[in-house]
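S.K.: here you go, sequence then predicted model.
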Amino acid sequence: MTDNELKELVAGLAVSQAKTDKELDKLFDRVSLAQAKTDLQIKETSESIKRVSENVGSITNNAGSITEEYFFNSMRAKPYLGGVKYDFVDRNIKGNVPKARDEFDIVMYNGDSIALVECKSKAHKSDLIKLIDKKAYNFKVMFPDYKDYKIYLGLASFSFYDELEEMAKENGVAILKQKGDVVEIEADNLKVY
């Protein structure tokens, strides 16, 4: 190869490299723009997910509050569980000691017995297991004045499935659920349309 041929080859390579560099710059710009769009979409999606999560959390909290309110009012009106009468009914009792931290939805008291009622809008097996394995123990640890009291457990829910009810019965846990005749109706001024 002659010097001229070599110079032409190098010049051709330089021109090709310049074209390649321009194409790479254009490609890089397109990828950068696409990445910026993707980043914006991810940010918007994340914000949407956060809003949905907040709404779902609010709905869940509301359902839990409604469930607790319903069963608390029912237990306060008729403070009995398993034939045992209670003198006082309280709710949302919190405790926090080094060995345990917990909250109890409904707690019923009398001179020698405590009833702990866990409220769920839809009860699950895990709720029952937690009530049996954790809640009774935690209550005794957090409130040692009641350590010699008999502790009874109840699971209150608007929705049970058969297997869960059977498991609760087998473990001596009361089942509390709504029944049709608890609706109060005010219709003294009813009119025909």
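M.R.: That came through fine.
S.K.: how far out from the middle of the chain is the helix ranked longest in the chain?
M.R.: With secondary structure taken from DSSP state H, the chain has its longest helix at helix 3-77. Distance, stretch centre to chain centre, for helix 3-77: 27 Å (Cα atoms, centre = their mean, to the nearest Å).
S.K.: where does pLDDT dip in this protein?
M.R.: The chain contains residues with pLDDT under 70 at 6-7, 9-11, 13-14, 50-64, 180-187, 189-192.
S.K.: quick one on the thing from earlier: and the next element down the chain from the longest helix of the chain?
M.R.: Using DSSP states H and E, the helix or strand that follows helix 3-77 in sequence is strand 80-81.
S.K.: thinking again about what came up before, so which elements touch the longest helix of the chain?
M.R.: Helix 3-77 is packed against strand 88-97, strand 100-109, strand 113-120, strand 150-157, strand 174-176, with contacts defined by 3 or more Cβ pairs under 8 Å, 6 or more residues apart in numbering; DSSP states H and E. For every residue, glycine as well, the C-beta is placed using N, CA and C.
S.K.: what is the burial count for residue 122?
M.R.: Using other Cβ atoms under 10 Å, residue 122 has 13 other residues around it.
S.K.: ok, now how distant is it from residue 94?
M.R.: 23 Å (Cβ to Cβ, to the nearest Å).
S.K.: equivalent analysis for residue 141, please.
M.R.: Taken as Cβ to Cβ, the span from residue 141 to residue 94 is 13 Å.
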